[in-house]
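# Quick one, what's the 3D model for this:
(3 chains)
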Amino acid sequence: MKHKKLISLLLALTMVLALAACSNTDEPAETPAETPAETTPVETPAETTPAEGVDLTILYEQDDSMLNTYSLLAVNPDAPFVDADGNAVSDVYINVEGAAALINWMLSQEALDLAANYGYEEYGEYLFYVLDDAPVSTAEIPAATEDTATIRMSTTTSVNDSGLLGYLLPFFEDEYGYTVEVTSAGTGAAIANATYGNADLLLVHSKSQEENFVAGGYSYVLDGLDAERLPFLYNYFVLCGPSDDPAGVKEAASVTDAFALIAEGEYPFVSRGDASGTHTKEISLWPAELGITTEADSVADYTGWYNYSNAGMGVCLTMAEELHAYILSDKATYLTFRANNGVME
Amino acid sequence: MIIRPFTKSYGGAPVLDFPGASLPEGEVCAVIGANGSGKSTLARIVAGAMASDQGRPVLEQAGPVGYLPQRPYPFQMTVEGNLLLNAPGGRADARRRAAELMEQLEIAHLARKKAHHLSGGETARMALARLLMRRYALLILDEPTAAMDIRSTSLTEALVDRYRRETGCAVLWITHSLKQAQRTADTVLFLLRGRLAEAGPMTRLLSAPTTPELRQFLDFYGA
Amino acid sequence: MRTALEQAVQLVLSGDYQLINIISVTLQMSIPSSVISLILGVPLGVLLAFCSFRGKGALVILNRTLMGLPPVVCGLLCYMLFSGVGPFRHFRLMYTIPLMIIAQVILITPIVIGNMESFAQRITPAVRETARGLGLGRGRTFLLLVSETRYQVFSTYLLGFARSIAEVGAVSMVGGAIAYKTNVMTTAIMNYTNRGDFTLGVALGVILLAMSLVLNLTVSLIQGRLSR
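Down below sits the predicted model:
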């Protein structure tokens, strides 16, 4: 009896120590805290300046076809909801007033300004830009009541991981008394979540999937606004890769040329593979003759270099870093990833 | 006390074919036989802890039956708690009775000890004391002294004898020790490979065994 | 530059609001789900060992199958039942701690039953024969058997709690990992990992292990005290 306890205790301690030791090797502890930017990965090529702990570098951005537009959509309470067996379900609970309040606030000048400035302080770069033709709402926002206080927002991992909502929503919640419950998944799953009646509004970034959602009758036009789909923020996807850029995508004339170069040289590429907005965007950038779609089958012939990972953005970025691979990422997640993995302040 | 004839088989193979027996009140009947001759099966079936092939109870006359299995289970509580589990009547009476039994089996000093921490011999004495808390018309003991030393064995034999005299119950005592049978029993059932080979008064059986097998058994066990 | 261990210690010492909330949500889920599973599973497991009836073998095998139920399948099932279009939508439990508890009870109860059944199965014949010999009835015999399994209950509870605290598949699906509401240790670790923040993930992992260690020590102490 006594011995068993002692052994299990020792085992538990060993595990804790092992875990701690693992993280030790990730980030050498002896580096003084005052000079945080000195961790140099062994494999970093000589010609690049080892300024960051991460080798993965933005190689291509600000191309029009890399535009990443975020939209808001209110979920229609009278949408043709169906259950798992395809039977119509009529009395699905949707917090209509709460969703309208949040959308109107997100489109208010105050919120748009907050969103536009987000990230500059932390990363020295703006993470989101307001669309020139973004709908601006001046609607009066009602304070929360007991019935409308909880708003369920379904969004994509990239928005959630960027920290934008964690920054924005408290302004709204504190002023009007609502609680916004944010669930995040890839855009495909985030939209599916809403069609199952588990969200009051969407904040996503995949135009085609959003249009399908609207066409299916799952969204509706809010009072004072003129469309179901409300694009309001944008940023650019970025093509990242090893800093020595073996495929030479930096010099490519366009981002589609850059993707063609990667495919031609069969340089390792990490794909989200999860039907997310990032994944759909990536699919649209490959040369059409490769026939790459969101289906795993379509890349069966390219497994030598194309990694169909089915994981979140952060995991994929790590994978790309490990594999010295190219990857398409939203800029916000990439910057967070770089900030976290390089130096912890 | 009449035991009706019955048979017992496992998966089609007969293990015990018992022609019935009579157990007179106030007498001890020893069951002897080699290992695997069916002694414990007989005890279990008579006690009702196992069903015979016929299914019905094998005892003709009702009345409480006490049964001490070969490996009695010590419940995870104090020795005294174990005894009081089997206590009819008032708490004070039961405590007195328990103290008396523990005294007689020399386990009074273990009263507060947890039963599952006892040694084999102590467990066997605790189990006997626990059983004898109550009055029975028939007492079935399956090798109660197998784990005991000589002193505990003689305490046990004395206690059972006293219990029998006080309650007038019949005792069915399974033992592999011929000497113990001679010391305690009035009559004997000799089991051989699942059959009752011989039955009769202790004295007659020992002086005039009719079957060669019993003679062999007696020779071997040095009677 | 800090190691995960240092960061874990620093996180705990700083009393970080988010961390405290994650720990509190984790406990609000794990303690009820493991306790409810224990309350349901212990009597059922012992009863399964105690009774003999036709089809018992099938029931034991069914339970063993459920013991291996993948958490994501359980999560998916609960998602389907309780989602906005599901048959139980009126309970409005989607993305709440109670639904996470329900999913975990479905996952853990078979483990408790199986654990108790296989333990009770071993002592049932001896207990039954002894009780029969003393002339005790079925009801008292069953109660005695339950009481004989009481030390096993502790280790079974630890098993259930460990499963509960470590489980991520079902919990992320029905809980949604909503910050300050349903985000538990495991889903938080997933979130940090997805953001590439491995150090913070490992720091949470260290805290999770430490919590498990404290619970194990506490239960062992209580168990030791009682069995003396």
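
# neighbours of A:Ala253, just the number please.
Residues contacting A:Ala253 under the criterion other C-beta atoms under 10 Å in any protein chain shown number 8. All C-beta atoms are positioned from the backbone trio N, CA, C, and that covers glycine.

# How about the contacts made by it?
Contacts for A:Ala253 were tallied using C-beta atoms under 8 Å, 6 or more residues apart in numbering or on different chains; there are none.

# And the closest residue to A:Pro80 other than its chain neighbours, its phi and psi?
In space, and not counting its chain neighbours, A:Pro80 is closest to A:Gly217: 5.3 Å by C-beta to C-beta, 6 or more residues apart in numbering or on different chains. Dihedral pair for A:Gly217: phi 90, psi 10, per degrees, to the nearest 10.

# Quick check: pLDDT value at A:Gly217.
With respect to pLDDT, A:Gly217 has a value of 94.

# Could you check how far it is from chain B?
In this view, A:Gly217 and chain B are 65 Å apart by C-beta to the nearest C-beta, to the nearest Å.

# Verify the contact between that residue and A:Ala79 for me.
Yes. Contact criterion C-beta atoms under 8 Å: A:Gly217 and A:Ala79 qualify, at 5.4 Å.

# Those two: who's more crowded?
A:Ala79 (20 against 13).

# looking at this, that one is in a strand?
No. Under DSSP: H, G, I helix; E, B strand; the rest coil, A:Ala79 sits outside any strand and is assigned coil.

# For it, list the residues it contacts.
A:Ala79 is in contact with A:92, A:195, A:216-219, counting by C-beta under 8 Å, 6+ apart.

# can I get the residues you listed in JSON lines with secondary structure?
Output for these, formatted as JSON lines (three-state DSSP):
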{"residue": "A:Val92", "secondary structure": "coil"}
{"residue": "A:Thr195", "secondary structure": "helix"}
{"residue": "A:Gly216", "secondary structure": "coil"}
{"residue": "A:Gly217", "secondary structure": "coil"}
{"residue": "A:Tyr218", "secondary structure": "coil"}
{"residue": "A:Ser219", "secondary structure": "strand"}
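
# What's the PyMOL line that selects buried ones from those residues?
Of the contacts of A:Ala79, the buried ones go into a single PyMOL selection, burial set by 16 or more other C-beta atoms under 10 Å in any protein chain shown:
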select buried, chain A and resi 92+195+218+219
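
# circling back to that earlier point, so who does the residue nearest to A:Pro80 touch?
Going by C-beta under 8 Å, 6+ apart, A:Gly217 touches A:76, A:79-80.

# for C:Ala166, same thing?
Here C:Ala166 is in contact with C:186, C:208 (C-beta under 8 Å, 6+ apart).

# Distance of it relative to chain A?
Separation of C:Ala166 from chain A (C-beta to the nearest C-beta): 13 Å.

# Which helix or strand contains the residue nearest the centre of chain C?
By C-alpha atoms, centre = their mean, chain C has its centre lying nearest to C:Gly160, at 3.2 Å. Using DSSP states H and E, C:Gly160 maps to helix C:150-166.

# What of A:Tyr70?
strand A:67-74.

# which of the residues in that strand are buried?
A:67-74.

# That one - contacts with which helices or strands?
Where contact means 3 or more C-beta pairs under 8 Å, 6 or more residues apart in numbering or on different chains; DSSP states H and E, strand A:67-74 is packed against helix A:96-106, strand A:201-204, helix A:207-215, strand A:230-241.

# State the number of residues packed around residue 66.
Let's take chain A. Close neighbours of A:Met66, defined as other C-beta under 10 Å, add up to 21.

# could you do chain C instead?
C:Leu66 has 16 neighbours, counted by other C-beta under 10 Å.

# Any residues of the stretch 101-250 of chain A in contact with chain B? List them.
Residues of the stretch 101-250 of chain A that fall close to chain B, judged by C-beta under 8 Å from any C-beta of the partner chain: none.

# Just give the nearest non-adjacent residue to B:Gln76, would you?
Distances taken as C-beta to C-beta, 6+ apart place B:His116 nearest to B:Gln76, at 5.0 Å, with adjacent residues excluded.

# need the contact list for that neighbour.
Contacts here follow C-beta under 8 Å, 6+ apart; on that basis B:His116 touches B:74-76.

# with these in mind, which one is nearest to C:Leu213?
Comparing the contacts of B:His116 against C:Leu213 with C-beta to C-beta places B:Gln76 closest, at 27.6 Å.

# and the residue nearest to B:Gly168 when sequence neighbours are not counted, what does it touch?
Using C-beta to C-beta, 6+ apart and skipping the chain neighbours, the partner closest in space to B:Gly168 is B:Gly26 (4.8 Å). B:Gly26 is in contact with B:164-165, B:168-170, counting by C-beta under 8 Å, 6+ apart.

# Also B:Ile140?
Counted by C-beta under 8 Å, 6+ apart, B:Ile140 has contacts B:43, B:46-47, B:65-68, B:171-172, B:174, C:133.

# Please repeat the previous calculation with a cut-off of 6 Å.
B:43, B:46-47, B:67, B:172 (C-beta atoms under 6 Å, 6 or more residues apart in numbering or on different chains).

# Closest to C:Ser155 out of those residues?
For the contacts of B:Ile140, the residue nearest C:Ser155 by C-beta to C-beta is B:Tyr67; the value is 32.8 Å.

# Looks like that closest one contacts B:Ala47 (just checking).
Yes. The criterion here is C-beta atoms under 6 Å, and B:Tyr67 meets it with B:Ala47 at 3.6 Å.

# Beta-bridge partners for the residue nearest the centre of chain B, please?
Nearest to the geometric centre of chain B sits B:Leu141, at 1.1 Å (C-alpha atoms, centre = their mean). Residues in a beta bridge with B:Leu141, per DSSP bridges, are B:Leu68, B:Trp173.

# ok, back up a step: in strands only, show me the contacts of B:Gly26.
Judged by DSSP state E, strands contain the following of the contacts of B:Gly26: B:Ala170.

# Would you point out the most distant pair within the contacts of B:Gly26?
Largest separation among the contacts of B:Gly26 by C-beta to C-beta: B:Arg165 and B:Ala170, giving 12.5 Å.

# neighbour count winner among these two?
B:Ala170 (24 against 10).

# coming back round to it: was I right about the residue nearest to the centre of chain C contacting C:Ser37?
Yes. Between C:Gly160 and C:Ser37 there is a contact under C-beta under 6 Å: 5.1 Å.

# Find residues that contact each of those two.
Counting by C-beta under 6 Å, 6+ apart, the residues touching both C:Gly160 and C:Ser37 are C:108, C:112.

# average pLDDT across stretch A:310-330?
If you average the pLDDT values across stretch A:310-330, you get 88.
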